[in-house]
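>>> Quick one, what's the 3D model for this:
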Amino acid sequence: MSKNPIEVIRMALEREKSAVRDYTEFAGTAADPKIREMFGFLAEEEKKHVKLLQDEIEKEIYQEM
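Prediction:
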């Protein structure tokens with residue numbers, strides 16, 4: 001069964017949100033400052049992806065109206 005594009009975007013959005021949570025948690029628990037910094041950076045990058053996907057979902061929804 002194939003999924004429509006909006007379903008695929010929503011699945012990707014959930015994965016990105018999960019990555020933000022995981023990287024943020026790892027950044028908060030890492031003992032090594034360089035590791036904390038790396039996970040903090042990754043969390044911020046994933047937040048950008050979340051925003052892009054949310055914007056795309058909104059655009060798709062408004063086009064359907």
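>>> Which secondary structure element of this structure has the lowest mean pLDDT?
Between all helices and strands in the chain, the lowest mean by mean pLDDT, DSSP states H and E belongs to helix 33-64, at a mean of 94.
>>> How about it, which residues are buried there?
Buried residues in helix 33-64, counted by 16 or more other C-beta atoms under 10 Å: Phe39, Gly40, Leu42, Ala43, Glu46, Lys47, His49, Val50, Leu53, Glu56, Ile57. To be clear about C-beta, it is placed using only N, CA and C from the backbone, and glycine gets the same treatment.
>>> and the second one, what is it in contact with?
Shown in contact with Gly40 (C-beta atoms under 8 Å, 6 or more residues apart in numbering): Tyr23, Thr24, Ala27.
>>> And for the first one?
Contact partners of Phe39, counting by C-beta under 8 Å, 6+ apart, are Tyr23, Thr24, Phe26, Ala27, Ala30.
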